[in-house]
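[1] Fold the stuff below for me.
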Amino acid sequence: MAYQALARKWRPRNFKEVVGQEHVVKALTHALEFDRTHHAYLFTGTRGVGKTTLARILAKAMNCDARSGADPCGQCLICREVDEGRFVDLIEVDAASRTKVEDTRELLENVQYAPSQGRFKVYLIDEVHMLSGHSFNALLKTLEEPPPHVKFLLATTDPQKIPVTVLSRCLQFNLKRLSAEQIRGQMERILREESIAFDSNALRSLARAADGSMRDGLSLLDQAIAHGGGSLAEEPVSAMLGTVARTPLFDLLWALAESNAAKLLEISADMAAHASSFSDALQQMLIILHHAALAQWVPEAVRHDDDADALLALAEHIPADDLQLYYQIALLGQRDLPLAPDPRAGFEMVLLRMLAFRPDTAGTEPGGESQAPARPVLAQQPKPRTVAAPLPASVATAPAPPPKANADSGDWPQMIRAMGLSGLTQQLAQNCTLVTVDDSRVVLALDPQFGSVRTAQLESKLEKALQQHFGRPVKLSFSADTPQQETPAALIQRAREERQRQAEQEIEQDENIRALKERFDARVLPGSIKPLD
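    The predicted structure is shown next:
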């Protein structure tokens, strides 16, 4: 008997065998169990996720003579004929090759006739979005009110091209892309049934290359079995796919952990000799780094991984901050790789960047002795420096709040800093002066120019801050009088202007600047001078 491709041989025959489309299977099985099947179904989704397969199983279940529950029996004559593709009442149409309106009219001429063998005549139209506009118009009336013995099952990868008038007449089911784990699990089950030896890492590479499509995954599996001579090993599969095996990537990460730059370049050269994809190497490195980070925080999360021991050892050896840094650099390197002169150079620069930016970076000599690489000393011209003008003691800012002064001292700028205000509440306070303060009341005078800053919400926040500062309930009120002294905001602005003025004076008096002006007719750009705080 001729060999049958795995994608055809292991096509699901009933709902229980369908992988990854539980939301669709649940709706269809309930409809069959309660005899509430619709006259038109539309299955959408990317290639190879099971649209046509589900349509065939549904057609088989609706016509099965010995169906128990929702699943077809698979043994009766109708089930066997559907599986073999010769059931006369299942009319499969490829819309991509029959797009004309004449084809659609010819197809619908036999709708009125009763089924020959089953209970329903089922029209399965694949890639229905390829029909022309006139074909859709010819289909509309029949699709809306077909005879009771007719069911329409439509499948498409591009539902946006289907007219809304057709969509509104169908029950639409969107099939999901399959995860790599789901594809891998199905491949593993098939290989065990076929008694074919396999390597788990090889299956992982094939499942990832399938890109969410079970059919693509099984086609790749067929190719890999032929390429490997009847078995699946990691190295041949990686060579076939043009990807990188996991082993050299673990070696790369260990070399990174040991700051062994020579080893990194040696592994990179070996990967280039095997024509490996450096883009894929970065992707797989990101996966390993992600799993290693999980192993650091939740070790149980990687226990099911085939490389769990290697991941746990890596997670134990590399500090968490280094691991996060490697991940970030690899992520950005993946974006920059197409811009590099060649992929290998870009990949090696990513690795060297990981070494260079480590907090405890160190190079390694060929003999294995760790030695910090000498950093190039750059010749620097002396830069003119400006000395910041001292800030008045009442408004000077410091990285941390100063020790809390006496609550009743009346030093309003120091009270603002001690309260740790920020945002608009700080702006309101800095544009006020302290009028009086006693055991139960604080009176402030607000600069009239900033009257718009004062709101009930900000007053409430400032009052709460004052109560926490004094450690007792106090009431905040505002005086109608204009402030008689400078507000903290005005003091800060005056000090800033003084610092700017002194900085400009120092630049003008600097000997280097004067020499540049005289020799090159240079000038200082307005606004380019900033004081050094």
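
[2] State the pLDDT value of the residue most central in space within the chain.
    For the chain, residue 331 is the residue whose C-alpha lies nearest the centre (CA atoms, centre = their mean; 11.0 Å). Confidence at residue 331, expressed as pLDDT, is 93.

[3] residue contacts, it?
    By CB atoms under 8 Å, 6 or more residues apart in numbering, the contact list for residue 331 reads residue 286. C-beta here means a position set from N, CA and C on the backbone, and glycine is covered the same way.

[4] Helix or strand: which one has it?
    Following DSSP states H and E, the helix or strand that holds residue 331 is helix 320-336.

[5] Residue 463 and residue 477 touch, don't they?
    No. Look at residue 463 against residue 477 with CB atoms under 8 Å: they stay out of range, at 9.3 Å.

[6] Counting neighbours, go ahead and name the busier of the two.
    residue 463 (16 against 13; other CB atoms under 10 Å).

[7] What pLDDT is listed against that one?
    Confidence at residue 463, expressed as pLDDT, is 90.

[8] What of residue 410?
    The model reports residue 410 with a pLDDT of 65.

[9] do the same with the one 10 residues further on
    Confidence per residue is given as pLDDT, and for residue 420 that number is 88.

[10] Need phi/psi at it.
    Residue 420 adopts backbone torsions of phi 70, psi 40, taken as degrees, to the nearest 10.

[11] Distance check, it against residue 429.
    The spacing between residue 420 and residue 429, counted by CB to CB, to the nearest Å, is 11 Å.

[12] Who has more neighbours out of those two?
    The residue with more neighbours, out of residue 420 and residue 429, is residue 429; 26 against 11, by other CB under 10 Å.

[13] Wait, that one touches residue 463, no?
    No. Applying CB under 8 Å, one finds residue 429 not in contact with residue 463, separated by 11.0 Å.

[14] hmm, back to that, what comes up buried for whichever helix or strand comes after the helix holding residue 331?
    Using DSSP H and E, the next helix or strand after helix 320-336 towards the C-terminus is helix 343-356. Buried residues in helix 343-356, counted by 16 or more other CB atoms under 10 Å: 343, 344, 346, 347, 348, 349, 350, 351, 353, 354, 355.

[15] about what we covered before: can I get the helix holding residue 331 as CSV, trimmed to CA atoms?
    What follows is helix 320-336, C-alpha atoms only, in CSV (Å, rounded to 0.1, in the frame of the first residue of the first chain):
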residue,chain,number,x,y,z
ALA,A,320,19.5,37.4,38.7
ASP,A,321,20.5,40.9,37.6
ASP,A,322,23.0,39.6,35.0
LEU,A,323,20.3,37.2,33.7
GLN,A,324,17.9,40.1,33.2
LEU,A,325,20.7,42.2,31.6
TYR,A,326,21.4,39.4,29.1
TYR,A,327,17.7,39.1,28.2
GLN,A,328,17.4,42.8,27.6
ILE,A,329,20.6,43.0,25.4
ALA,A,330,19.5,39.9,23.4
LEU,A,331,16.0,41.4,22.9
LEU,A,332,17.5,44.6,21.6
GLY,A,333,20.1,42.7,19.6
GLN,A,334,17.4,40.8,17.8
ARG,A,335,16.0,44.2,16.6
ASP,A,336,19.5,45.4,15.5
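
[16] how big is the angle separating it from helix 343-356?
    150 degrees (axes from the mean of the first three to the mean of the last three CA atoms, to 10 degrees).

[17] ok, and for helix 320-336, which residues are buried?
    Within helix 320-336, the residues that qualify as buried are 322, 323, 325, 326, 327, 329, 330, 333, 334, counting by 16+ other CB under 10 Å.

[18] In a markdown table, list those along with distance to residue 302.
    Converted to a markdown table, the buried residues of helix 320-336 look like this (distance: CB to CB, whole Å):
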| residue | distance to residue 302 |
| --- | --- |
| 322 | 18 |
| 323 | 13 |
| 325 | 20 |
| 326 | 17 |
| 327 | 15 |
| 329 | 22 |
| 330 | 18 |
| 333 | 24 |
| 334 | 22 |
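
[19] What is the nearest of the residues you listed to residue 245?
    Nearest to residue 245 among these, counting by CB to CB, is residue 330 at 17.5 Å.

[20] OK, contacts around that closest one?
    Applying CB under 8 Å, 6+ apart to residue 330 gives the contacts 282, 285, 286, 289, 350, 354.

[21] Need the residues that contact the helix or strand in which the second one is found.
    Assigned by DSSP H and E, residue 285 belongs to helix 278-297. Contact with helix 278-297 is made by 242-244, 246, 249-250, 252-253, 271, 301-302, 305, 307-308, 311-312, 314-315, 318, 320, 323-324, 326-327, 330-331, 333-334, 337, 343-344, 346-347, 350, as judged by CB under 8 Å, 6+ apart.

[22] What's the first helix or strand after that helix?
    Following helix 278-297 in sequence order, the next helix or strand is helix 308-317 (DSSP H and E).

[23] burial count for residue 153?
    The burial count for residue 153: 25, using other CB under 10 Å.

[24] Residue 430 touches residue 493, doesn't it?
    No. Contact criterion CB under 8 Å: residue 430 and residue 493 do not qualify, at 10.0 Å.

[25] More neighbours: which of these two?
    Set residue 430 next to residue 493 and count neighbours by other CB under 10 Å: residue 430 wins out with 22 against 14.

[26] got the CA coordinates for the strand or helix carrying residue 80 in PDB?
    Using DSSP H and E, residue 80 sits in helix 77-84. Written as PDB, here are the backbone C-alpha positions of helix 77-84 (Å, rounded to 0.1, in the frame of the first residue of the first chain):
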ATOM      1  CA  LEU A  77     -20.800   2.800   5.900                       C
ATOM      2  CA  ILE A  78     -21.400   6.500   5.800                       C
ATOM      3  CA  CYS A  79     -18.500   7.200   8.200                       C
ATOM      4  CA  ARG A  80     -16.200   5.000   6.200                       C
ATOM      5  CA  GLU A  81     -17.200   6.700   2.900                       C
ATOM      6  CA  VAL A  82     -16.700  10.200   4.400                       C
ATOM      7  CA  ASP A  83     -13.200   9.200   5.600                       C
ATOM      8  CA  GLU A  84     -12.400   7.800   2.200                       C
END
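
[27] by how many degrees do the helix or strand that that helix is followed by and helix 77-84 diverge?
    For helix 77-84, the following helix or strand on the C-terminal side (DSSP H and E) is strand 90-94. Relative orientation of strand 90-94 versus helix 77-84 (the same axes, to 10 degrees): 20 degrees.

[28] Having no further points to raise, I will conclude here.
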